[in-house]
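Enquirer: Okay, here's the prediction I keep looking at, along with the sequence it came from:
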Amino acid sequence: MTDSQQTDAPGGRTVLVTGGNRGIGRAIAEAFLAQGDRVAVTTRNGGGPEGALDVRCDVTDPEQVEAAFATVESELGPVEVLVANAGITKDTLLLRMSEDDWSAVVETNLTGTYRLVKRAAKGMLRQRRGRIVLISSVVGLLGSAGQVNYAASKSGLVGLARSVARELGSRSITANVVAPGFVETDMTEVLTDAQRETIRTQVPLGRYARPEEVAGAVTWLASEQAAYVTGAVIPVDGGLGMGH
């Protein structure tokens, strides 16, 4: 077993999960903690899981992103696994969508992720290893009425990850995308019963995902078993987006 493989084995790595205070991000952070990894989460208002280093960071602010990485590196060591999960929605129909509705979502979901990946890559290149996992959405593959901004931002993550995979692959750095479908989180709880049932009937497995199921795909992509997987889009959507 090579030194690189030993470092990529679960347990003892420094993992950064953005948006790690609730929902999918929290489940991902908890899954890495359960493996024995050193985990930092970024939040806007605090509330990360017990055992994680909670770092305040707004990914739309380049200075806050730099400060967050500096804190994590000082407290836990160089980031070996980055999970870019932080995201927002501002849903409305195209003709009602304001410039701010568009810009805010793209700046957080896509440009914010670019900043995180760029900063993480610096340390990973020095280490000659790393795992980058971007959290997209089935909406980024299928499209969704009323979510032009969100779908565009999440689709953009695929091109970002695949370009990074080509640039950094020779240094044993992988970049992959996980595209969840509808997940039992605070974001889906706001839907009406009728909306939830309509969505459920479109999912071949007939149910919403649990956050832990998305986390399982992420930890696998960060594992030694996935060392030869890069530039991939892994759907965790119950079959909703199959064929895309």
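Expert: Yes, it's here.

Enquirer: mean confidence for the lengthiest strand in the chain?
Expert: Longest among the strand segments of the chain by residue count, using DSSP state E, is strand 173-180. Throughout strand 173-180, pLDDT has a mean value of 97.

Enquirer: Direction included, what does that strand pair up with?
Expert: Sheet pairing for strand 173-180, assigned by DSSP bridges, gives strand 130-135 (parallel), strand 233-236 (parallel).

Enquirer: which outside residues touch the last one?
Expert: Contacts made with strand 233-236 from outside it, assessed by Cβ atoms under 8 Å, 6 or more residues apart in numbering, are listed as 136, 138, 141, 158, 161, 176-181, 209, 213-214, 217, 221, 241-242, 244. C-beta: built from backbone N, CA, C; applies to glycine.

Enquirer: Mark which of these are buried, thanks.
Expert: For the contacts of strand 233-236, a burial check counting by 16 or more other Cβ atoms under 10 Å picks out 136, 138, 141, 158, 161, 176-181, 209, 213-214, 217, 221, 241.

Enquirer: now the helices: where do they sit in the chain?
Expert: Using DSSP state H, the helices of the chain run over residues 3-8, 23-34, 62-75, 99-106, 112-127, 139-142, 148-168, 186-189, 193-202, 211-221.

Enquirer: for the fifth one, packing partners?
Expert: Looking back up the chat, that one is helix 112-127. strand 14-18, helix 62-75, strand 81-84, strand 130-135, helix 148-168, strand 173-180 (3 or more Cβ pairs under 8 Å, 6 or more residues apart in numbering; DSSP states H and E).

Enquirer: So which bits of that helix are buried?
Expert: Within helix 112-127, judged by 16+ other Cβ under 10 Å, the buried ones are Gly112, Thr113, Arg115, Leu116, Val117, Arg119, Ala120, Ala121, Gly123, Met124, Gln127.

Enquirer: List the contacts of the first one.
Expert: Read it as Gly112. Neighbours of Gly112 in contact, by Cβ under 8 Å, 6+ apart: Thr18, Val59, Thr60, Val65, Ala84, Ala86.

Enquirer: repeat for the third one
Expert: Under the criterion of Cβ under 8 Å, 6+ apart, the contact partners of Arg115 comprise Val59, Pro62, Val65.

Enquirer: Give the burial count for the second one, as a bare number.
Expert: A count of nearby residues for Pro62, using other Cβ atoms under 10 Å, gives 13.
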